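**Student:** have a look at this fold, sequence not included:
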Ligand SMILES: OC[C@H]1O[C@H](O[C@H]2O[C@H](CO)[C@@H](O)[C@H](O)[C@H]2O)[C@H](O)[C@@H](O)[C@@H]1O
Ligand SMILES: [Ca+2]
């Protein structure tokens, strides 16, 4: 047993309840349905589930517009259903973290309704108001394809209100201590119920200040440290994870001195994994990790390839963004705001060699990896759906009606049924029986990673290969050492690696070994995890 905190060595899984399994035939996934699929989730080898927003909501941003922080969206079930899900997950050794949306709520939240109707309501000051839309002009617009401004005039209130995301998501006013208390009580409500922590949404934007870009402000960090104190003092062992889409040097303060978040998503590494694979050049990966500062003991990065949002290109240069769009989003419908609204497998042209290389890379670099539902079977996307809905379609369980997701006549979004990614052939049931399927490769990769302490949370040292296309690094933990080697290009090439002793490749199921003293040659996109001890 390792003495590291659990989240440093875990593998996470991002779950959209709406998309997973419909138990009552209304076409919408729910907690009862998800309970039936927990054994499947466990079978992937993951340790913790991140449940996306499950709160009552008008769903103008898929639940990231919360109308009641201590309830459950009726479509998903009841609080008792949520408790049953939590207990069933825990019974299987799976932890559960939920989404905590602190920056904003829904325009339908009772606080906003009271605030807009009465200037003297105690809730008026829960939000950020202005008589003009000029304040805080240094703040960028995040949903820039849709929102012309971060201010929207509210006729009932007779003032403009501030919002960093959709106009249906008014920002909460963290200058008001009452908002702190409300939010801390929301944390207590769910932690008392037994959840294992939170993925905290959009944390850089809690405060605004004139003359700044209103991101990452010191007062934001002060409040977040308050959140951490609550967790440490009242709920030790639970985890808080920061979703802060920022450069590495701006991410570091989200760990504080080990007194803020336990875990931060590493946004900048993600597009660079795709860049390196497409260009056949490892430089972007090496450069961004060189730019990544050391983090406090007990802290951890979280890494991902895809999630429920667009593949964000906020943390690249304008030239790199343009290149990524050209390479990965040839159809304008694939682009959204500053990103690419596509699924993992179509981004890789359904090429299993590239899929394996990218997954093996992501699962062997430092950080706690998180898998996005459906990517483990290579699900496709629907670019004809608006916003980010095209990557949030029903899970494909079988070739039955509605992919075995629901018995309803109509599902919340159509199941994918195009030639290449149709549920009729691309589904869990079909892949269970195919040893070479995406699903069984996912299980194999996760298990192979989790069996090696070095890959779970060991140190990283680059290994020189003499080729831009061949990336190699050594992960080490005590006397457990794994040399990871990747050919990022579509041509065969010598690796520049000559093993000193015979080494076994953990990625080959027949435990292929490489003799001492002979240079290893790599086929296109080949990857190796060589066990050195
Ligand atoms: O709650 C509002 C949004 O918050 C998260 O957004 C993040 O995703 C954005 C791209 O869709 C990204 O640009 C931003 O920096 C992030 O905070 C959440 O993941 C979204 O689904 C949500 O709309
Ligand atoms: Ca349902």
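**Tutor:** Cool, got the structure. On a predicted model such as this, the values are computed, not experimentally measured, just so you know. Ligands and ions are numbered 1, 2, ... in the order given.
**Student:** quick one, domains of this structure?
**Tutor:** Using automatic domain parsing, the domain parsing of the chain gives 110-162, 451-531.
**Student:** so who does whichever residue of the stretch 401-533 of the chain sits closest to ligand 1 touch?
**Tutor:** Residue nearest to ligand 1 within the stretch 401-533 of the chain (Cβ to the nearest ligand atom): residue 413, separated by 15.5 Å. (Glycine included, C-beta is placed from N, CA and C.) Contact analysis of residue 413 by Cβ atoms under 8 Å, 6 or more residues apart in numbering lists 382, 385, 389, 392, 393, 394.
**Student:** now the second one: which helix or strand?
**Tutor:** In this structure, residue 385 is located outside every helix and strand according to DSSP states H and E.
**Student:** secondary structure element for the nearest residue to it once chain neighbours are set aside?
**Tutor:** The shortest distance from residue 385 to any non-neighbouring residue, by Cβ to Cβ, 6 or more residues apart in numbering, is to residue 413 (6.2 Å). According to DSSP H and E, residue 413 maps onto no helix or strand at all.
**Student:** take the contacts of residue 413 and lay them out in JSON lines including neighbour count.
**Tutor:** Formatted as JSON lines, the contacts of residue 413 follow (neighbours: other Cβ atoms under 10 Å):
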{"residue": "382", "neighbour count": "19"}
{"residue": "385", "neighbour count": "16"}
{"residue": "389", "neighbour count": "16"}
{"residue": "392", "neighbour count": "24"}
{"residue": "393", "neighbour count": "27"}
{"residue": "394", "neighbour count": "28"}
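**Student:** now, among those, which is nearest to ligand 1?
**Tutor:** residue 392 (9.7 Å).
**Student:** test my guess that the closest one contacts residue 15.
**Tutor:** No. Assessed by Cβ atoms under 8 Å, residue 392 is found out of contact with residue 15, at 11.5 Å.
**Student:** so how far is ligand 1 from residue 241?
**Tutor:** Residue 241 is 12 Å from ligand 1, where distance means Cβ to the nearest ligand atom, to the nearest Å.
**Student:** checking that residue next. Helix, strand or coil?
**Tutor:** Secondary structure assignment for residue 241 (DSSP: H, G, I helix; E, B strand; the rest coil): strand.
**Student:** ok, the one 4 residues further on next?
**Tutor:** Each residue gets one of three states, and residue 245 gets coil by three-state DSSP.
**Student:** for the stretch 101-250 of the chain, which residues are neighbours of ligand 1?
**Tutor:** 101, 142, 165, 201, 202, 243, 245 (Cβ under 6 Å from any ligand atom).
**Student:** for the third one, give its distance to residue 105.
**Tutor:** According to Cβ to Cβ, to the nearest Å, residue 165 and residue 105 sit 11 Å apart.
**Student:** quick one: residues contacting whichever residue of the stretch 251-400 of the chain sits closest to ligand 1.
**Tutor:** At 3.5 Å from ligand 1, residue 309 is the closest residue in the stretch 251-400 of the chain, using Cβ to the nearest ligand atom. Residues near residue 309 by Cβ under 8 Å, 6+ apart: 339, 388.
**Student:** contact partners for the residue in the stretch 251-400 of the chain that ligand 2 sits nearest to?
**Tutor:** Distances from the stretch 251-400 of the chain to ligand 2, computed as Cβ to the ion, single out residue 394 as the nearest residue at 11.2 Å. By Cβ under 8 Å, 6+ apart, the contact list for residue 394 reads 19, 29, 402, 403, 405, 406, 411, 412, 413, 415.
**Student:** dump these to JSON lines, plus pLDDT and distance to ligand 2.
**Tutor:** As requested, these are arranged in JSON lines below (pLDDT from 0 to 100; distance: Cβ to the ion, whole Å):
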{"residue": "19", "pLDDT": "98", "distance to ligand 2": "11"}
{"residue": "29", "pLDDT": "98", "distance to ligand 2": "6"}
{"residue": "402", "pLDDT": "98", "distance to ligand 2": "12"}
{"residue": "403", "pLDDT": "98", "distance to ligand 2": "15"}
{"residue": "405", "pLDDT": "98", "distance to ligand 2": "10"}
{"residue": "406", "pLDDT": "98", "distance to ligand 2": "7"}
{"residue": "411", "pLDDT": "98", "distance to ligand 2": "10"}
{"residue": "412", "pLDDT": "98", "distance to ligand 2": "9"}
{"residue": "413", "pLDDT": "98", "distance to ligand 2": "13"}
{"residue": "415", "pLDDT": "98", "distance to ligand 2": "15"}
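**Student:** narrow those residues to those in strands?
**Tutor:** Among the contacts of residue 394, no residue falls in strands (DSSP state E).
**Student:** from those residues, pick the one nearest residue 335.
**Tutor:** residue 413 (19.9 Å; Cβ to Cβ).
**Student:** residue numbers of the chain in contact with ligand 2?
**Tutor:** Listed as neighbours of ligand 2 in the chain under the rule Cβ under 5 Å from the ion: 22, 24, 26, 28, 30.
**Student:** switch the cut-off to 8 Å
**Tutor:** Residues of the chain lying close to ligand 2 (Cβ under 8 Å from the ion) are 22-30, 32-33, 75-77, 406, 408.
**Student:** among the residues you listed, which ones are buried?
**Tutor:** Using 16 or more other Cβ atoms under 10 Å as the burial test, the residues of the chain next to ligand 2 include 22, 23, 27, 28, 29, 30, 32, 33, 75, 76, 77, 406 as buried.
**Student:** show me those residues that map onto helices.
**Tutor:** Among these, DSSP state H puts 32, 33 in helices.
**Student:** any idea what residue 340 is bridged to?
**Tutor:** Under the criterion DSSP bridges, residue 340 forms beta bridges with residue 311, residue 335.
**Student:** residue 482 now?
**Tutor:** Counting by DSSP bridges, residue 482 is bridged to residue 475, residue 531.
**Student:** which residues in the stretch 51-200 of the chain form strands?
**Tutor:** Secondary structure of the stretch 51-200 of the chain (DSSP state E, counting those that start in this stretch): strands at 95-101, 129-130, 151-154, 159-162, 197-201.
**Student:** looking at these, spot the one closest to residue 270.
**Tutor:** strand 197-201 (15.7 Å).
**Student:** list the buried ones in the closest one?
**Tutor:** 197, 198, 199, 200, 201.
**Student:** swap in stretch 480-489?
**Tutor:** Neighbour-count burial for stretch 480-489 flags 480, 481, 482, 483, 484, 485, 486, 487, 488, 489 (criterion: 16+ other Cβ under 10 Å).
**Student:** picking that back up, for residue 154, state which of the contacts of residue 413 is nearest.
**Tutor:** Comparing the contacts of residue 413 against residue 154 with Cβ to Cβ picks out residue 389 as the nearest, at 27.1 Å.
**Student:** excluding chain neighbours, what is closest to that closest one?
**Tutor:** The shortest distance from residue 389 to any non-neighbouring residue, by Cβ to Cβ, 6+ apart, is to residue 413 (5.7 Å).
**Student:** please apply the same query to residue 211.
**Tutor:** That would be residue 138: by Cβ to Cβ, 6+ apart, it lies 6.7 Å from residue 211.
**Student:** burial measure for the one you found, as a count.
**Tutor:** 13 (other Cβ atoms under 10 Å).
**Student:** now it: how far from residue 217?
**Tutor:** Residue 138 is 11 Å from residue 217, where distance means Cβ to Cβ.
**Student:** same question, residue 80
**Tutor:** Computed as Cβ to Cβ, the residue 80 to residue 217 distance reads 40 Å.
**Student:** higher neighbour count, the two?
**Tutor:** Set residue 80 next to residue 217 and count neighbours by other Cβ under 10 Å: residue 217 wins out with 18 against 10.
**Student:** which SS class is the residue lying closest to the more buried one once chain neighbours are set aside?
**Tutor:** Closest residue to residue 217 apart from its sequence neighbours, by Cβ to Cβ, 6+ apart: residue 207 at 4.7 Å. Classification of residue 207 by three-state DSSP places it in coil.
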